[in-house]
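**Q** Kindly return the folded structure for what I paste below:
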Amino acid sequence: MDEGRRNELEHLYRKYTKPLYYFLLKLSGSPQLAEDLVQETFVRATISLSFYQNEDVRAWLFKVARNAYLDEWRKRQRRKWVPFADYLFAKDEMASPYGLPEDEAIQAETSDDLQQLMTILPEQYRSILYLREVEMFSYQEIQEALELKENQVKVTLHRARKRLAQIAEKQGWKDDEHGMD
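**A** Numbering: from 1, shown residues only. Below you'll find the predicted structure:
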């Protein structure tokens, strides 16, 4: 590997390890699996960097990460293993092994009740809400990361928000108590 390519990979690793870890933690519900999948993401990125096109690098890495998660999920499904959804957004699971200063901010912004509600959502809704609301992805970036058309992104995001609101209402949430619109 030439020096320029190695420097580029090191830069990407430093910049995106933490956001990818949180994304994969949300999807998998397991800190250990999230760490493994971050490593797998960068292994795959290293291999496919020569094929990388001029798309948004952040969206590309999240697409690689999501594909690594889906491959792992399929492999575990074949073994009849289902991850614990209860731990998907548990407060203790939010703490990163990397000792991030963002840990406190994320925990402060995300209520335990909302986290629990999100575990009820289907995976596609969870991932699209996470990318948009936590990672602040644009519609274009979500489109690239999840390999959806722009209209699909908007429709799925709308449905995810609507479904989350329905679940919240069903569970007795009130708009003024939890800041729900």
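**Q** In the protein, spot the helix with the most residues.
**A** If you go by DSSP state H, the chain has its longest helix at helix 3-28.
**Q** Just list what that helix packs against, helices and strands only.
**A** If you count contacts as 3 or more C-beta pairs under 8 Å, 6 or more residues apart in numbering; DSSP states H and E, helix 3-28 packs onto helix 31-48, helix 57-78, helix 123-129. Placement of C-beta: from N, CA and C, glycine included.
**Q** Highest mean neighbour count out of those?
**A** The highest mean neighbour count among the helices and strands packed on helix 3-28, using mean count of other C-beta atoms under 10 Å, belongs to helix 123-129: a mean of 19.
**Q** which element follows it toward the C-terminus?
**A** helix 139-146 (DSSP states H and E).
**Q** for that next one, which positions count as buried?
**A** By 16 or more other C-beta atoms under 10 Å, the buried positions in helix 139-146 come out as 141-146.
**Q** Mean confidence (pLDDT) on that helix, please.
**A** Mean pLDDT, helix 139-146: 86.
**Q** rewinding a little: would CSV of the buried residues of helix 139-146 with distance to Ile47 be doable?
**A** Below are those laid out as CSV (distance: C-beta to C-beta, whole Å):
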residue, distance to Ile47
Glu141, 22
Ile142, 24
Gln143, 24
Glu144, 19
Ala145, 19
Leu146, 21
